[in-house]
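Undergrad: Model the structure of this input:
(chains A and B)
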Amino acid sequence: RKEVEQDPGPFNVPEGATVAFNCTYSNSASQSFFWYRQDCRKEPKLLMSVYSSGNEDGRFTAQLNRASQYISLLIRDSKLSDSATYLCVVIKGAQKLVFGQGTRLTINP
Amino acid sequence: DVKVTQSSRYLVKRTGEKVFLECVQDMDHENMFWYRQDPGLGLRLIYFSYDVKMKEKGDIPEGYSVSREKKERFSLILESASTNQTSMYLCASSLSGGLTEAFFGQGTRLTVV
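TA: Numbering: from 1, shown residues only, chains lettered A, B, ... in the order given. Below you'll find the model as predicted:
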């Protein structure tokens, strides 16, 4: 089993829709979680951290479910510019970043 | 702004060549990482370093080695390049503690022929 698993998609949704991704992780001792965004032919960049209490940044909401060992990302009122690959990241041990394979999202006009 | 710079955007090397990929960061980060990214496999950790001269193997270290003689520079070495090492290589850096953002370089697309 992979340490971090994501549905690779692709997800094709119309502009204005709400879309959600899940990511599961295998190490119950993991403490830190992030969502990164990667545009085509670009490097990954931090989208948001995921806290135990959940967190929201504008149209984006991240949640953590420790009991079921998954994190989620919800995008409301999706924009064309949200088209990207979304990478789930879990910190292993003290320092190592372990990435999921990414979920590809395309927002259609 | 944090800057992570990789020495080349594109490289073409021959099978059996020794290849050096260089990465420099300018924010005094303790941690540095080398990943490779392949379609359908995502980013896989090759090596990481949490301090000068310190290194740890990642998930796929075979065929690679690294060097960190100075805090700002982390080099990935392919001792004898093979075609299955054709990939996108990404360097990243972060502060120690694992709770902070990792910053990536722009990537090096390596083709081994």
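
Undergrad: Would the host helix or strand of residue B:35 count as contacting chain A?
TA: In the assignment (DSSP states H and E), residue B:35 maps to strand B:31-38. Yes: counting by C-beta under 8 Å from any C-beta of the partner chain, chain A has neighbours in strand B:31-38: B:31, B:33, B:35. Where C-beta positions appear, they are placed from N, C-alpha and C, glycine not excepted.

Undergrad: Ignoring the adjacent residues along the chain, who's closest to whichever residue of chain B sits closest to chain A?
TA: Using C-beta to the nearest C-beta, the single residue of chain B nearest to chain A is residue B:42, 3.3 Å away. Spatially, and ignoring its direct neighbours in sequence, residue B:42 is nearest to residue A:101 (3.3 Å; C-beta to C-beta, 6 or more residues apart in numbering or on different chains).

Undergrad: that older thread, out of the residues of strand B:31-38 next to chain A, which is nearest to residue B:16?
TA: residue B:35 (23.9 Å; C-beta to C-beta).

Undergrad: So which bits of chain B are right by chain A?
TA: B:31, B:33, B:35, B:40-45, B:48, B:50, B:56, B:58, B:90, B:92, B:94, B:96-99, B:101-102, B:104-107.

Undergrad: And the buried ones among those, selectable in ChimeraX?
TA: Entered in ChimeraX, the line below selects the buried ones among these, by 16 or more other C-beta atoms under 10 Å in any protein chain shown:
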select /B:31,33,35,42,43,44,45,48,50,58,90,92,94,98,102,104,105,107
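
Undergrad: Which ones among the residues of chain B next to chain A lie within strands?
TA: Using DSSP state E, the members of the residues of chain B next to chain A that fall in strands are B:31, B:33, B:35, B:42-45, B:48, B:50, B:56, B:90, B:92, B:94, B:104.

Undergrad: Would you mind giving these as a markdown table with pLDDT added?
TA: Converted to a markdown table, those look like this (pLDDT from 0 to 100):
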| residue | pLDDT |
| --- | --- |
| B:31 | 92 |
| B:33 | 95 |
| B:35 | 97 |
| B:42 | 89 |
| B:43 | 93 |
| B:44 | 94 |
| B:45 | 93 |
| B:48 | 93 |
| B:50 | 91 |
| B:56 | 93 |
| B:90 | 97 |
| B:92 | 95 |
| B:94 | 90 |
| B:104 | 95 |
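
Undergrad: Quick check: the farthest pair among those?
TA: It's B:42 and B:50 that sit farthest apart of those, by C-beta to C-beta, at 22.4 Å.

Undergrad: and chain A, which residues reach chain B?
TA: Close to chain B, as judged by C-beta under 8 Å from any C-beta, chain A has residues A:8, A:31-32, A:34, A:42-46, A:87, A:89, A:91, A:93-102.

Undergrad: Keep only those of these that are in strands.
TA: A:34, A:45, A:46, A:87, A:89, A:91, A:96, A:97, A:98, A:99.

Undergrad: Show me the beta-bridge partners of the last one.
TA: On DSSP bridges, the residues paired with residue A:99 through beta bridges are residue A:89.

Undergrad: ok, now the first one?
TA: Here residue A:34 sits in beta bridges with residue A:49, residue A:89, going by DSSP bridges.

Undergrad: again with residue B:94
TA: Here residue B:94, judged by DSSP bridges, has bridge partners residue B:31.

Undergrad: which residues does it contact?
TA: A:95, A:97, B:29, B:30, B:31, B:33, B:100, B:101, B:102, B:103 (C-beta atoms under 8 Å, 6 or more residues apart in numbering or on different chains).
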